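A.B. asks: Quick one, structure for this:
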Amino acid sequence: MKKILLLALFSITLMGCNDPESVAAEAAQLKVEQHPDRTYVGVHNYYIMESSEHAAFGRKKELKVMYQDFPRYFVEKAKEWPKEDLNDASSYDLPRFQFAWANSSSKDEYESGLKIWSMKTDGTDLRLVTDATIDLTAVRNLTRSPNNRYVAWAGSGGHKSVYDLKTGKVTVVQKTTSPLDMLWSEDSRYLYHERYRNRYSRWDSETGEISEIDYKIRTEAVLTEDKIIKVTDAAVVGYNLKTNERLFVLSSDRSLSDKERIFNVKSISPTGRFAWGSNQDYGWMFDTKEQTMKQMVDGFVPAQILGKDAHYSALSKMTYVTIVDRVEDKVWSWRAFSHGAMSGEGILYNGLANNGLWFKEDK
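C.D. replies: Okay, here's the model as predicted:
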């Protein structure tokens, strides 16, 4: 009797669900029932929650390994994945990472093509930013405007483009091979970039005009209306742009050899208060407000991405996300993506959200 009732119910279900939407809904429900550990995003994509893993920095500083659950994303169809939306305030309650990722290694040209993605610093809220980079073989540099609206990238050969999240428009700023450095103005209107070797320009997001400037910029820099603080090869330097006066120089140890004092890793906090430089043997943390420098040997953790007040830092390779709490000497490391390939370095933007703290519980 029970079998007959089940068959009858199944027949009724089939009779009422011939339309594609109903069939798709039933298929989705079946997936959920078969894989209760998965949270589906669209039909073909999902994420699971997995614990963070052990993280080690070789002979560098010992840190307390933290274990908690983070999302691990399985994205087969990027077109089904939610895009970053400037009008969605919930996406901007934490700082965010941005990176170039080909979400699939399949033969599908779209899915295996590089696209720009973003997620919160706690690993949640993965969003597709733009697929305008899909034809590139590499994304060599990324930057985001302070108002979060514009994302600029230097692609294969150093060609530079800007994507407007508000309008969906892509603008090619530099068509020829060029150096990689790019920097946004504080008001997000201008993208400053190295157009040719030692020749610098700015692109106007309102007019589209490109004009030359008479000062040097770096990607690892913070620009305000009248001042720039930038990390050079072996120092942190501040300039008054109105008077062309050098405000300060905080240098690595000049008694060291050139090899020992040159930075292989450079970063700067969102406000420019702190900056980092390091190589295999030495690390330096610079405080541009107090005009101090702390030099470290061996026992340090590189800060490839540096958060507000130097509280948090991260490694810039997003294949495995590794975050360090530099105040409490803690580390989290987790595999955020099941497959695909990264290109270039990840960056931090929206860095002042949640008072610059990278986890909500720290607020």
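
A.B. asks: which stretches of the stretch 251-363 of the chain have low pLDDT?
C.D. replies: The stretch 251-363 of the chain contains residues with pLDDT under 70 at 362-363.

A.B. asks: same thing but 90
C.D. replies: 298-299, 319, 361-363 (pLDDT under 90).

A.B. asks: Tell me where it has strands.
C.D. replies: 265-268, 274-278, 282-287, 292-297, 305-306, 312-314, 320-325, 330-335, 341-349 (DSSP state E, counting those that start in this stretch).

A.B. asks: Paired strands for the fourth one, with orientation please.
C.D. replies: Using DSSP bridges, the neighbouring strands of strand 292-297 in the sheet come out as strand 282-287 (antiparallel).

A.B. asks: re earlier: figure out which of the strands of the stretch 251-363 of the chain is closest to residue 82.
C.D. replies: Among these, strand 341-349 comes nearest to residue 82, with 17.8 Å by CB to CB. (Each C-beta comes from the backbone N, C-alpha and C, glycine too.)

A.B. asks: hey, what's the most centrally placed residue in the chain bridged with?
C.D. replies: For the chain, the residue whose C-alpha lies nearest the mean C-alpha position (CA atoms, centre = their mean) is residue 98; its distance is 2.3 Å. Using DSSP bridges, the beta-bridge partners of residue 98 come out as residue 118, residue 347.

A.B. asks: same thing with the one 4 residues further on?
C.D. replies: Residue 102 has the following beta-bridge partners by DSSP bridges: residue 341.

A.B. asks: thought it was touching residue 110?
C.D. replies: No: with contacts counted by CB atoms under 8 Å, residue 102 stays clear of residue 110, the gap being 9.8 Å.

A.B. asks: So between those two, which is more surrounded?
C.D. replies: Using other CB atoms under 10 Å, the more surrounded residue of residue 102 and residue 110 is residue 102, with 21 against 15.

A.B. asks: Roughly how far does the more buried one sit from residue 130?
C.D. replies: Relative to residue 130, residue 102 is positioned 14 Å away (CB to CB, to the nearest Å).

A.B. asks: what's the answer for residue 184, then?
C.D. replies: If you measure residue 184 against residue 130 using CB to CB, the figure is 17 Å.

A.B. asks: who has more neighbours, the two?
C.D. replies: Ranked by neighbour count (other CB under 10 Å), residue 184 and residue 130 place residue 184 first, with 25 against 19.

A.B. asks: Quick check: bridge partners of the more buried one?
C.D. replies: Beta-bridge partners of residue 184, as defined by DSSP bridges: residue 191.

A.B. asks: Report pLDDT for it.
C.D. replies: pLDDT for residue 184: 98.

A.B. asks: now the closest residue to residue 350 other than its chain neighbours: how far from residue 125?
C.D. replies: Once flanking residues are discounted, residue 350 sits nearest to residue 96: 4.8 Å by CB to CB, 6 or more residues apart in numbering. From residue 96 over to residue 125 the distance is 8 Å, taken as CB to CB.
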